[in-house]
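# The sequence and its predicted three-dimensional model are supplied below.
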Amino acid sequence: MAKIKKPKHIAVAGNIGAGKTTLTELLSKQYKWIPQFEDVDHNPYLFDFYEDMPRWSFNLQIYFLNSRLTQLLEIHRGTETVIQDRTIYEDANIFAPNLHEMGLMSKRDFDNYYEFFNTLKQMVKPPDLMIYLKASVPTLVGQIQKRGREYEENIRLDYLKRLNEYYNKWVDTYKEGSLLIINVDENKFAENEEHLGEIIQKIDSQLYGLF
């Protein structure tokens, strides 16, 4: 099969602790793609949000939506291939509905947010390839504990479990473009080069038709 023209946008999706940042780093090195990370250190709402979720949920989600949209516009304006750690779809289809369902975001705020997302979605192109890191809750918990971020210490198991349910529901219905699912309960790409090699092989075949 002929190699497709150069992809512009690869996205890595997955729950908190699935390994998105690690995989983004590894693939950006492998393919010389430009990595785009979620800037958790400079997020002005994150700490407040974990202290008082109902008060700050809408503000936080709008902040994420804006920063993700800015990233997408940069990707489309640029000439290099970019690999993005987390996507605009996850904010809208996983995190916001979960906050609403948990009573941490009002219906009015959620409806307003979701309509805004749908408007923005029509203005941007989906990624050339979406990579979804699928993980069970025990795997997520293990990886979150390993990295020891202070503001993540209070994340409850039921919160992770519900996010996982939303993720799986979203991935089952994802029709925006090419999708590659990696099971990180089995594929330990962070510490196993062969496992990383398997992912690279799958990406090659998805993007360039090399089998």
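That came in fine, so what should we check first?
# per-residue confidence for the residue lying closest to residue 103 once chain neighbours are set aside?
Excluding its sequence neighbours, the residue lying closest to residue 103 (CB to CB, 6 or more residues apart in numbering) is residue 54, at 7.4 Å. No exception for glycine: its C-beta is placed from N, CA and C like everyone else's. At residue 54, the pLDDT value in this model is 94.
# In which helix or strand does residue 54 reside?
helix 53-77 (DSSP states H and E).
# just residue 130 next, same as before
strand 129-134.
# what's that strand packed up against?
strand 9-14, helix 20-31, helix 157-172, strand 178-183, helix 193-208 (3 or more CB pairs under 8 Å, 6 or more residues apart in numbering; DSSP states H and E).
# Can you tell me what sits against the helix holding residue 54?
Helix 53-77 has contacts (CB atoms under 8 Å, 6 or more residues apart in numbering) with 8-9, 36, 39, 43-46, 48-49, 82, 84, 86-88, 91-92, 95-96, 99, 102-106, 109, 113, 116-117, 120, 124-125.
# Give the next helix or strand downstream of it.
Assigned by DSSP H and E, the successor of helix 53-77 is strand 82-85.
# Which positions within that following strand qualify as buried?
Neighbour counts over strand 82-85 (16 or more other CB atoms under 10 Å) mark 82-85 as buried.
# Among these, which one sits closest to residue 20?
residue 85 (5.0 Å; CB to CB).
# dump the residue contacts of that closest one.
12, 20-21, 24, 35-38.
# Please report which of those has the highest neighbour count.
Highest neighbour count within the contacts of residue 85: residue 12, with 27 neighbours (other CB atoms under 10 Å).
# what sits against that one?
Contacts of residue 12 (CB under 8 Å, 6+ apart): 20, 23-24, 27, 83-86, 131, 133.
# distance of the residue nearest the centre of the chain from residue 95?
Centroid-nearest residue in the chain: residue 86, 2.4 Å away (criterion: CA atoms, centre = their mean). Distance of residue 86 to residue 95, given as CB to CB, to the nearest Å: 10 Å.
# what's the answer for residue 190, then?
Residue 190 is 24 Å from residue 95, by CB to CB.
# of these two, who's got more company?
Applying other CB under 10 Å to residue 190 and residue 95 shows that residue 95 carries more neighbours, namely 19 against 15.
# Point out where this structure drops to low pLDDT.
1-5, 148, 150-154, 210-211 (pLDDT under 70).
# quick one on the thing from earlier: separation between the residue nearest to the centre of the chain and residue 11?
Counting by CB to CB, the separation of residue 86 from residue 11 is 8 Å.
# Give me the spatial nearest neighbour of the residue nearest to the centre of the chain, chain neighbours excluded.
Using CB to CB, 6+ apart, the closest residue to residue 86 is residue 38 (5.1 Å).
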